[in-house]
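Q: Model the following, please.
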Amino acid sequence: MQVGNATTPTTIFFRNNVSVKATLFEPDTPIVHEELDLPSQKALSGRSASSLQNSFSMPGISEFQNQLEKQGQMEQSIVIKKGDQVVGTVGRNGWAMLQESSIQGVWEKANNNPANFAQMLKQQGYEVETYQPGNGPTYAEVHEMIHHESYSTLIARQSVEYCRELSSLSGGSVY
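A: Next comes the predicted model:
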């Protein structure tokens with residue numbers, strides 16, 4: 001889940017490709033840390049960007065941009081406003097992007113249930129617009145309402161950041 005402007009290229013990749021439900025882990029026995037035999041940093045430094053990209057399972061720039069486009073096309077079922085300002089959205093896929101930590105707390109109290117969430121927000125004075133399937137705005141449209149920039153500008157900026165991230169992982173340029 002994204003809170004505020006914390007989206008990174010890696011976040012987008014995992015959001016589009018991984019589904020995880022967190023559970024509390026309490027071991028019955030104490031955890032014993034053991035040293036692992038991992039390749040040294042020196043062995044990694046001679047590897048190419050494409051080799052590292054495969055090691056970290058990060059997609060190429062075209063695939064990354066396609067994932068951003070896919071994210072932008074996701075229909076939203078709820079748009080949350082505070083006054084004239086959009087402060088959050090919930091997609092049909094259940095993914096929420098919330099601009100205020102207080103709304104994040106309400107989302108958690110609602111157990112990530114969009115109907116309960118909308119009702120709780122209305123009780124707290126937020127304007128909540130709900131949409132039937134096929135009638136909601138896309139994530140790209142909501143992004144433009146919140147950030148006052150085009151979604152294509154976001155894709156361009158995130159693409160540059162993604163290339164920088166790949167460069168830092170490989171130790172060289174991937175431009």
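Q: now the helices: where do they sit in the protein?
A: Using DSSP state H, the helices found in the chain span residues 9-17, 41-45, 49-56, 61-72, 101-109, 114-123, 139-147, 151-170.
Q: okay, now residue 129: neighbour count?
A: Residues near residue 129, counting by other Cβ atoms under 10 Å, number 15. Yep, even glycine has a C-beta here, placed from its N, CA and C like the rest.
Q: For it, list the residues it contacts.
A: Contacts here follow Cβ atoms under 8 Å, 6 or more residues apart in numbering; on that basis residue 129 touches 78-81.
Q: Identify the bridge partners of it.
A: residue 79 (DSSP bridges).
Q: Next one, pLDDT for it please.
A: Note on residue 129: pLDDT of 95.
Q: what's the answer for residue 170, then?
A: At residue 170, the pLDDT recorded in the model is 71.
Q: Repeat that for residue 89.
A: Reported pLDDT for residue 89: 94.
Q: partners of the residue lying closest to residue 73 once chain neighbours are set aside in the sheet?
A: Excluding its sequence neighbours, the residue lying closest to residue 73 (Cβ to Cβ, 6 or more residues apart in numbering) is residue 138, at 5.5 Å. Residue 138 has these beta-bridge partners by DSSP bridges: residue 75.
Q: ok, residue 138 - contacts?
A: Contacts of residue 138 by Cβ under 8 Å, 6+ apart are 72-76.
Q: what's the spacing between the closest residue to residue 93 other than its chain neighbours and residue 170?
A: Leaving out its chain neighbours, the residue that sits closest to residue 93 by Cβ to Cβ, 6+ apart is residue 74, at 6.2 Å. From residue 74 across to residue 170, the span is 31 Å (Cβ to Cβ, to the nearest Å).
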